[in-house]
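Asks: quick one, structure for this:
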Amino acid sequence: MAVGRREVAINTKTKPTASRQSAQTIRIDILPRFCDIGSGGRTNPAANASRPALLGADDYRFLFENAYDATLLTREDGRILVANARAEWILGCSEAALLKMSVQQIVSGMDASLLASINHELKTARFMRITAWCARSEGDPFPAEIAVNRLDHGGSIWLCFFIRDETIQRREEDELRTIHHAIQHAGTGIAVADVTGRLLHTNPAFRRLWRLEAASDASLTLAGLLGDALAGAILQIVQPDGPPTWTRELPVQAEGEDARWIQISAAVNTDSDNQATGVVLSFVDVSDRCRAEAAERLRERDRVMAESLGAVCHHLGQPATVLLSSVEMMRAAQAGDPALLDALLKMSEEAAEEIRQILRKLNDLEVYKPVPYVGSEASPAGTAIVALDGCAAG
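Replies: Here you go, the predicted model:
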């Protein structure tokens, strides 16, 4: 099975030509099938020996021109003798112009002493591999991997440079390196697990959060970390009909420590074929937030309690004052004025009935509805009491 992806490597600073269009690269990834190794048909050595020579000078020139790598043949001092079509395309320069140049003008940082050192080393080594930056004719540099070998051609020493543009690979490597450093230095615990729940990778923040010493432990699993029930719930997201993400907060308590609240988020990890290969998990210690929310709820409860007590005092204060005043006036009047006593008794009964109604409303109160308290100029700004239907707030 082969999975292909098309990659077009065209220098956008030059005008596209037929040769440049033909230099487009198609990449394919062939998945291994090891049962095929060694099972192919065997060739007959005798048949091969009887074949006539197939390659002549023109054939080798054809292969040279169509090689994938940009290929330069140079003298020992670096002067270019011949260049193939791939070199013209990658370097953005015609062969005629390249023949007037030296490899030192193409490979940034190469000078006569370095070239002499390369020649010296190649006397004992077959190839030398160089990582460098090369310049195109427009001055646009690109990272390259260069293989060099030394050829003794009829008494003349040639150097053969095979140049490969590593721009895409270098960019991908830089992105991977950046992502790796970001994960390693993130304050959030990050872990990667396979479809069975075995943890394949953990970052330092994760290990600090779970008090783990070893950077990798083959026996570490989601079930061992969170329990079978939670691990099973998390791994549901790798199923074809499962949700794409999973999030939950739960308390975690290490031996000898107070319980901590951890927010766990999981997302499906996929390969290049978009097939689920496991889960990526992030762990955030939200204990401070939970403590702050608990403290806020406690303050809110205390505030509601204070406002409720204030409501009782406010709503009962006026009828209680009327009742006490009526009792004192009746004691002072005694039997001297029956009409006055009758009026005071009626006021007392009305005040007592009002108190009874207020107590009933407080007992039946189901919705907390604060209103500004405006009964006293000495009250702090923003003070509120519980509102009772039919009772004045001021």
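
Asks: could you list the domains of the chain?
Replies: Recorded structural domains for the chain (assignment: automatic domain parsing) are 2-37+56-170, 186-285, 290-386.

Asks: how about those domains in JSON lines, adding mean pLDDT and distance to residue 180?
Replies: Just so you know, the C-beta spots here come from the backbone N, C-alpha and C atoms, and that holds for glycine as well. As requested, the domains of the chain are exported to JSON lines (pLDDT from 0 to 100; distance: least, C-beta to C-beta, whole Å):
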{"stretch": "domain 2-37+56-170", "mean pLDDT": "81", "distance to residue 180": "15"}
{"stretch": "domain 186-285", "mean pLDDT": "85", "distance to residue 180": "9"}
{"stretch": "domain 290-386", "mean pLDDT": "68", "distance to residue 180": "31"}
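
Asks: for those, give me CSV that also has mean neighbour count.
Replies: Formatted as CSV, the domains of the chain follow (neighbours: other C-beta atoms under 10 Å):
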stretch, mean neighbour count
domain 2-37+56-170, 14
domain 186-285, 15
domain 290-386, 13
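
Asks: turn the ones you listed into a markdown table, columns for distance to residue 176.
Replies: Formatted as a markdown table, those follow (distance: least, C-beta to C-beta, whole Å):
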| stretch | distance to residue 176 |
| --- | --- |
| domain 2-37+56-170 | 10 |
| domain 186-285 | 13 |
| domain 290-386 | 36 |
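
Asks: residue 177: which of those is closest?
Replies: Checking those against residue 177 by C-beta to C-beta gives domain 2-37+56-170 as the closest, at 10.3 Å.

Asks: any idea how far residue 202 is from residue 342?
Replies: According to C-beta to C-beta, to the nearest Å, residue 342 stands 87 Å off from residue 202.

Asks: repeat for residue 319
Replies: Remark: distance between residue 319 and residue 202 (C-beta to C-beta) = 69 Å.

Asks: then residue 56?
Replies: Taking C-beta to C-beta, one finds residue 56 at 60 Å from residue 202.

Asks: do the same with residue 338
Replies: In terms of C-beta to C-beta, residue 338 sits 93 Å off from residue 202.

Asks: sheet-wise, list the partners of the lengthiest strand in the chain with their directions.
Replies: Counting residues, the longest strand in the chain under DSSP state E turns out to be strand 141-153. Partners of strand 141-153 in the sheet, by DSSP bridges, are strand 127-135 (antiparallel), strand 156-165 (antiparallel).

Asks: in CSV, list these along with distance to residue 103.
Replies: Below are the strands paired with strand 141-153 laid out as CSV (distance: least, C-beta to C-beta, whole Å):
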stretch, distance to residue 103
strand 127-135, 10
strand 156-165, 6
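
Asks: and residue 298, which of the ones you listed is closest to it?
Replies: strand 127-135 (62.6 Å).

Asks: which residues touch the closest one?
Replies: For strand 127-135, contacts defined as C-beta atoms under 8 Å, 6 or more residues apart in numbering pick out 90-91, 105-110, 118, 121-122, 141-149, 163, 166.

Asks: how does it look with 7 Å?
Replies: Contact with strand 127-135 is made by 106-109, 118, 121-122, 141-149, 163, as judged by C-beta atoms under 7 Å, 6 or more residues apart in numbering.

Asks: show me the helices in the protein, by range?
Replies: Applying DSSP state H to the chain gives helices spanning 18-22, 45-49, 57-65, 85-91, 95-98, 112-121, 167-185, 204-209, 222-226, 228-235, 287-333, 338-364.

Asks: the last one - contacts with which helices or strands?
Replies: Okay, so that is helix 338-364. Applying 3 or more C-beta pairs under 7 Å, 6 or more residues apart in numbering; DSSP states H and E, one finds that helix 338-364 makes contact with helix 287-333.

Asks: now the fourth one
Replies: Secondary structure elements in contact with helix 85-91, counted by 3+ C-beta pairs under 7 Å, 6+ apart, are helix 18-22, strand 70-75, helix 95-98, strand 156-165.

Asks: got a markdown table for these, with distance to residue 224 too?
Replies: Formatted as a markdown table, the helices and strands packed on helix 85-91 follow (distance: least, C-beta to C-beta, whole Å):
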| stretch | distance to residue 224 |
| --- | --- |
| helix 18-22 | 56 |
| strand 70-75 | 53 |
| helix 95-98 | 63 |
| strand 156-165 | 46 |
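
Asks: if I look at residue 163, how far off is residue 68?
Replies: Taking C-beta to C-beta, one finds residue 163 at 11 Å from residue 68.

Asks: same question, residue 59
Replies: Distance from residue 59 to residue 68, counting by C-beta to C-beta: 17 Å.

Asks: neighbours of residue 176, how many?
Replies: Residues near residue 176, counting by other C-beta atoms under 10 Å, number 10.
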